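In: heads up, no residue letters with this:
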């Protein structure tokens, strides 16, 4: 038993100091986290993360992000881009896929295919490629509908021939 009737064995003095250290070992990215690639920085490789990404410099390779990717007017990207939302105001060469929305601002120059449930191409934007609009719900139900149609068509063809 320690001073003033406390039992030192049940609450060691080192435990409170260690508890905050454990909490700091598992940092959580705040919702407002943003990764910025500043001008004149050039990154060559794969960028994967949960935070939003702003590209003011150059990036070559691949971006896979669960947040928002913003390519600024000064940004130059040669990569496959995937994010929840993608907004392009600069130059992008490569396919762009978004879970929610792709937006091409008037200063955008994009060469590549774009795929998202919602697509906004503002007047003045330059785009060369194909547009594929889909929603997650259609993706899940499309094979079932196609399978039914295929079965139905096969059945009708067999009855007629």
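Out: Received, thanks. Here the structure is a predicted model, which is why all the values come from computation and not from measurement.
In: quick one, strands of this protein?
Out: For the chain, the strands defined by DSSP state E occupy 34-37, 42-49, 52-55, 58-65, 68-71, 76-88, 91-93, 96-104, 109-111, 114-116, 118-121, 126-128, 131-133.
In: other SSEs contacting the fifth one?
Out: Packed against strand 68-71 by the contact rule (3 or more Cβ pairs under 8 Å, 6 or more residues apart in numbering; DSSP states H and E) you find strand 52-55, strand 76-88. To be clear about C-beta, it is placed using only N, CA and C from the backbone, and glycine gets the same treatment.
In: check the first one too.
Out: Of the remaining helices and strands, those touching strand 34-37 by 3+ Cβ pairs under 8 Å, 6+ apart are strand 42-49, strand 52-55.
In: relative to strand 76-88, how tilted is the longest one?
Out: Interaxial angle of strand 42-49 relative to strand 76-88 (axes from the mean of the first three to the mean of the last three Cα atoms, to 10 degrees): 40 degrees.
In: okay, buried residues for strand 42-49 please.
Out: Across strand 42-49, burial judged by 16 or more other Cβ atoms under 10 Å covers 43, 47.
In: which one, of the helices and strands packed on strand 68-71, ends up nearest to residue 64?
Out: strand 76-88 (4.9 Å; Cβ to Cβ).
In: could you check the angle the closest one makes with strand 58-65?
Out: 40 degrees.
In: what lies in contact with strand 76-88?
Out: Contact partners of strand 76-88, identified using Cβ atoms under 8 Å, 6 or more residues apart in numbering, comprise 53, 55, 57-71, 90-105, 108, 110, 116, 125.
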